[in-house]
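[1] sequence isn't available, so here's the structure alone:
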C-alpha cells in the first residue's frame, strides 16, 4: 500500500470530477507556472456543486485573484438560470485577466467586477439591497 500524501489525495479527488473546459485547464496551468494560489479543481467543483444544490443566485467572493473560483461559481449560476458573482480584487490586471477568462467561458454577463477592498465592497453591496 502506498503512502497517503497531499498530492495523492488531490490526484484522486481530481480524478473523480468531470472533465473541465479548456479555459479552466489554462487557468490551472497559469497558477502552476506562476505559483499563484487557487482553490484547485476538486475544491472548485465542490463550490460549483454547493452553489447548484442551493440554487444560488448571488455569490460574493472576498478576494478573487484572476477568477478561477469565480469561473466555478459563474458556471453554477449559469446552470441555475442566472444571477451575479461579485469578483473582488485589489489588482486591476488580475481583474482584467478574470474578465477575459469569463468572456472565454461565456459567463462574463454573470460577473460583476470590483477592483476594491473586499469587505468594504461587501458592505456597500449589502447596504444597497
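    Alright, I've got the coordinates. As the structure is a prediction and not an experimental result, all values here were calculated from the model.

[2] tell me which other helices or strands the host helix or strand of residue 95 touches.
    Using DSSP states H and E, residue 95 maps to helix 92-105. Applying 3 or more C-beta pairs under 8 Å, 6 or more residues apart in numbering; DSSP states H and E, we find helix 92-105 packed against helix 22-33, helix 68-79, strand 84-89, strand 111-115. Glycine gets a C-beta too; all of them are placed from N, C-alpha and C.

[3] list the buried residues of that helix.
    Residues of helix 92-105 classed as buried: 94, 95, 97, 98, 99, 101, 102, 104, 105 (neighbour count, 16 or more other C-beta atoms under 10 Å).

[4] now residue 59: how far from residue 72?
    Between residue 59 and residue 72 the computed distance is 10 Å (C-beta to C-beta, to the nearest Å).

[5] find the residues that touch each one of those two.
    residue 51 (C-beta atoms under 8 Å, 6 or more residues apart in numbering).

[6] hmm, back to that, just want the angle from the helix holding residue 95 to strand 84-89.
    Inter-element angle recorded for helix 92-105 and strand 84-89: 150 degrees (by axes from the mean of the first three to the mean of the last three C-alpha atoms, to 10 degrees).

[7] avg pLDDT for helix 92-105?
    Helix 92-105 comes out with an average pLDDT of 98.

[8] tilt between that helix and helix 22-33?
    With the same axes, to 10 degrees applied, the angle from helix 92-105 to helix 22-33 works out at 150 degrees.

[9] next, the angle strand 111-115 makes with helix 92-105.
    Helix 92-105 and strand 111-115 are oriented at 170 degrees to each other (the same axes, to 10 degrees).

[10] check contacts around the nearest residue to residue 26 once chain neighbours are set aside.
    Leaving out its chain neighbours, the residue that sits closest to residue 26 by C-beta to C-beta, 6 or more residues apart in numbering is residue 101, at 8.0 Å. Residue 101 is in contact with 23, 26, 27, 66, 67, 71, counting by C-beta under 8 Å, 6+ apart.

[11] and residue 126, what's its pLDDT?
    Here, the pLDDT recorded for residue 126 equals 75.
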